[in-house]
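Trainee: predicted structure and sequence below. I'll ask about it afterward.
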Amino acid sequence: MRYSQMLLPTTKENPAEAEVVSHQLLLRGGFIRKLTSGLYTYLPIGLMAMQKVENIVRQEMNRAGAQELLMPMVQPADLWQESGRWQKYGPELLRFKDRHDRDYCLGPTHEEVITDIARRELHSYRQLPMNLYQIQTKFRDEIRPRFGLMRGREFVMKDAYSFDASDAAAGESYRKMHEAYTRIFKRCGLEFRPVEADSGTIGGSFSHEFMVLADTGEDTLVICRECDYAANVEKAKIVLSEKVTTDGNLEECSKVETPGMKKVERVADFLGVTPKEVIKTMIYLADGEPVAVLVRGDREVQSVKLKNLLDVTEVELADDDTVWKLTKLPVGYIGPVDIPIKLVADQEVMQMVNAVAGAGEKGHHLTGVNPGRDFTPVMTGDLRQITAEDSCPFCNGSLELTEGIEVGHIFKLGTNYSEAMDATFQDKEGSQQPLVMGCYGIGVSRVVAAAIEQNHDQNGIIFPLPLAPFQVIVLNLGLKNEKTTAAAEKLYLDMQATGLDVLYDDRDERPGSKFKDADLLGIPYRVTVGKTWEKEGKVELRLRRNGETSIIDYDRAAGIIADMVQAELKSTEDIA
RNA sequence: CGGAACGUGGCGCAGUCUGGUAGCGCACUUGACUGGGGGUCAAGUGGUCGGAGGUUCAAAUCCUCUCGUUCCGACCA
């Protein structure tokens, strides 16, 4: 590609609207332009970068035995009603009517459509296993799109769906995808971790997220320092410490005055105890229904865990007004004893003895509160956020918390969808069985953003070679000199002939601008044709990654670089 | 949905408090010089100041409404 002919508008200044590095650099480098909130146009170089990711994904999916197809983005409501998600999915699902007043939605994911295909086309165990995937634009009406490609409303996703005859076979499909994903992200040159995850609105029994480690990540992960355990904090299991023995010495409940003391710390301080000895009572609205949730005073509720325990689709912390309406109490004095609201407790609370809790009366708390005797939750379970002080549920090792960007997510769906939508096959014995499903997503456009978050410096992007829209840029610094220009042109054509993705900077710009743009765009190899060629017939090769510079023979340049690129690409494939 | 900020040539901003002929830098056009890390000089093009309504002799500026964008929050009782 000739730079002079390409739509590649770079800017020196950071756009005001971009907060995170990947967003800034994507805009500055002319990769994307915003249409409106959460919606972006991919300019040519942006599309090229994304297609690099797509191709790696395609290769690995095909290698794993999956087949590519393409489903409609517009989906009829009745399929979603069949699966039950028309009600369940919430406002993220963009719904609309056609001219005949029929309901439709824009596909945020495609379980319904693929299950419909499966029930029509898969009839026999002989056709299984089957894995089908597509790479396509998805639409999710996010509450708050942000960070450019990181959380857009429209984004490119690879989604795959597996169909198996048995749970064991589905496990094998899942394992294959886990392996394929690992290869994909390795080949993309990303530093990532597969972690145990919550399955969210997709549903299903078991899932892993693939997380790119980066500070700007929206998810928090917990990673064991000693074993392989890694999980999203939404999922991370908490190991209960040994139950405290009390010598059967349970105190009586007694009420104490705690005027103006709403915060756990204040109350604990005042009563001469630690927050660990206080029971915190939080009022949530679970699908609109009030629930009182108990955790130890020094803990935090993990809302996803709460959602799962209650088996609801939405939990929300009640605001002060709602709390007042429900309990006739100001926030801070609610307690579990005789509370007129559905009560659930974190497992840890049930071990507490002689605790402090809100008295259910303004300005008062209770001491000597004992779970089981003074209150009985309708449900208990693991409800709190894990901390770095907790220990690994597998090996008891110490844990580390870190931020991550979710670039892939794989789910074992089981028969949720196939049963709801009556997608069955005939087994060997001739009886109808529901297809056992799995689904597997990769945020293709997000991978581009994540790669930039992880690979940049103050001068711009540093693309891992497999994702680089161009592998090489040739700078012509001798535009006024016909011979130099001819030499640069020839080098460009020679490189193209070897199959390299090469950008030829033939613009009438000063050298400084060309260097800056080459850096900004993150092109791994840069070849300069200029003075050194005029004087000694050599060109300068510089690596974007580390700034390493070498002078090579002009005649051999195309071959040398093609070899280097091939070797490097091959090594990334080998590692994966 | 709550809170905040911002909307002025393509981009980044000043001007708004205190109403009085719309400005700066970058980019763009033309020319000259220059030519290895975003160069210099000169001459230009381009904006009904997000939109609607109001106040006023006069509105980018004051008032009301509205649309859009971004950030924070959706977090501990």
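Mentor: That came in fine, so what should we check first?
Trainee: can I take it that A:A518 is in a strand?
Mentor: No. Assessed with DSSP: H, G, I helix; E, B strand; the rest coil, A:A518 is helix; it does not lie in a strand.
Trainee: show me the contacts for it.
Mentor: Residues near A:A518 by C-beta atoms under 8 Å, 6 or more residues apart in numbering: A:473, A:475, A:505, A:526, A:544. C-beta here means a position set from N, CA and C on the backbone, and glycine is covered the same way.
Trainee: which residues are in contact with the second one?
Mentor: Read that as A:L475. A:488, A:505, A:511, A:514-515, A:518, A:526-530.
Trainee: report the secondary structure state of A:G499.
Mentor: Per three-state DSSP, A:G499 ends up coil.
Trainee: quick one: the residue nearest to it when sequence neighbours are not counted and RNA strand B, what's the gap?
Mentor: Nearest residue to A:G499, sequence neighbours excluded (C-beta to C-beta, 6 or more residues apart in numbering): A:A562, at 7.0 Å. A:A562 is 21 Å from RNA strand B, where distance means C-beta to the nearest atom of the strand, to the nearest Å.
Trainee: stretch A:457-468 and RNA strand B in contact?
Mentor: Yes. Using C-beta under 7 Å from any atom of the strand, stretch A:457-468 comes into contact with RNA strand B via A:N459.
Trainee: any buried residues in that stretch, and which?
Mentor: Neighbour-count burial for stretch A:457-468, counted by 16 or more other C-beta atoms under 10 Å, picks out A:460-468.
Trainee: now what about it, what contacts it?
Mentor: Applying C-beta under 8 Å, 6+ apart, the contact partners of stretch A:457-468 are A:25, A:28-29, A:49, A:52-53, A:56, A:187-190, A:447-448, A:451-452, A:455-456, A:469, A:471, A:501, A:516, A:519-524, A:544-545, A:565, A:568-569, A:572.
Trainee: near RNA strand B, which of those show up?
Mentor: Of the residues in those, proximity to RNA strand B by C-beta under 7 Å from any atom of the strand holds for A:28, A:516, A:519-520.
Trainee: and the contacts of stretch A:457-468, which are buried?
Mentor: Buried subset of the contacts of stretch A:457-468 (neighbour count, 16+ other C-beta under 10 Å): A:25, A:28-29, A:49, A:52-53, A:56, A:187-190, A:447-448, A:451-452, A:455-456, A:469, A:471, A:501, A:516, A:519-524, A:544, A:565, A:568, A:572.
Trainee: which of those residues fall in helices?
Mentor: Among the buried ones among the contacts of stretch A:457-468, the members falling in helices (DSSP state H) are A:25, A:28, A:49, A:52-53, A:56, A:187, A:447-448, A:451-452, A:516, A:519-521, A:565, A:568, A:572.
Trainee: list, one by one, the residues from the stretch 151-300 of chain A near RNA strand B.
Mentor: Proximity of the stretch 151-300 of chain A to RNA strand B (C-beta under 7 Å from any atom of the strand) is limited to residues A:262-265, A:280-283, A:295, A:297, A:299-300.
Trainee: pLDDT added to those residues, as JSON lines?
Mentor: Formatted as JSON lines, those follow (pLDDT from 0 to 100):
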{"residue": "A:K262", "pLDDT": "84"}
{"residue": "A:K263", "pLDDT": "88"}
{"residue": "A:V264", "pLDDT": "91"}
{"residue": "A:E265", "pLDDT": "90"}
{"residue": "A:K280", "pLDDT": "94"}
{"residue": "A:T281", "pLDDT": "94"}
{"residue": "A:M282", "pLDDT": "93"}
{"residue": "A:I283", "pLDDT": "91"}
{"residue": "A:V295", "pLDDT": "94"}
{"residue": "A:G297", "pLDDT": "92"}
{"residue": "A:R299", "pLDDT": "92"}
{"residue": "A:E300", "pLDDT": "91"}
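Trainee: and these, which are buried?
Mentor: A:264, A:280-283, A:295, A:297, A:299.
Trainee: name the residues that touch stretch A:324-331?
Mentor: A:262, A:283, A:290, A:318, A:320, A:323, A:334, A:339-341, A:358, A:360-362.
Trainee: returning to that earlier point: taking the buried ones among the residues of the stretch 151-300 of chain A next to RNA strand B one by one, which sit in helices?
Mentor: Using DSSP H, these in helices are A:V264.
Trainee: quick one, helices of the stretch 101-250 of chain A?
Mentor: Ranges of helices in the stretch 101-250 of chain A, per DSSP state H, counting those that start in this stretch, are A:111-121, A:167-187.
Trainee: got the end-to-end distance for stretch A:511-531?
Mentor: End-to-end distance of stretch A:511-531 (C-alpha to C-alpha, to the nearest Å): 12 Å.
Trainee: and the residue in the stretch 251-400 of chain A that RNA strand B sits nearest to, how far from A:I334?
Mentor: Closest contact between the stretch 251-400 of chain A and RNA strand B, by C-beta to the nearest atom of the strand, is at A:L317 (2.7 Å). Noted for A:L317: a distance of 13 Å to A:I334, by C-beta to C-beta, to the nearest Å.
Trainee: between these two, point out the one with more neighbours.
Mentor: Neighbour count, other C-beta atoms under 10 Å: between A:L317 and A:I334, A:I334 has more, with 22 against 13.
Trainee: near RNA strand B, which residues of the stretch 351-500 of chain A?
Mentor: A:358, A:385, A:459, A:477, A:479-480.
Trainee: thinking A:H409 is in contact with A:M211, fair?
Mentor: No. With contacts counted by C-beta atoms under 8 Å, A:H409 stays clear of A:M211, the gap being 9.7 Å.
Trainee: more crowded one of the two?
Mentor: Just comparing A:H409 and A:M211: by other C-beta under 10 Å the higher neighbour count belongs to A:M211, 30 against 23.
Trainee: quick revisit: so who does the residue of the stretch 251-400 of chain A closest to RNA strand B touch?
Mentor: The contact partners of A:L317, by C-beta under 8 Å, 6+ apart, come to A:282-285, A:303.
Trainee: I'd like to know which of those residues are part of strands.
Mentor: Judged by DSSP state E, those include A:282-285 as members of strands.
Trainee: and of these, the nearest to A:F139?
Mentor: Nearest to A:F139 among those, counting by C-beta to C-beta, is A:L285 at 27.7 Å.
Trainee: was I right to think the closest one contacts A:E316?
Mentor: Yes. The pair A:L285 / A:E316 is scored as a contact, 4.9 Å apart, by C-beta under 8 Å.
Trainee: more crowded one of the two?
Mentor: When A:L285 and A:E316 are compared for neighbours, A:L285 comes out ahead with 17 against 12, by other C-beta under 10 Å.
Trainee: hang on, the earlier thing: how about the secondary structure of the residue nearest to A:G499?
Mentor: Once three-state DSSP is applied, A:A562 turns out helix.
Trainee: go on, A:A268?
Mentor: Using three-state DSSP, the secondary structure recorded for A:A268 is helix.
Trainee: count the neighbours of it for me.
Mentor: As a burial measure, A:A268 scores 20 neighbours (other C-beta under 10 Å).
Trainee: over to A:G408?
Mentor: There are 28 residues near A:G408, going by other C-beta under 10 Å.
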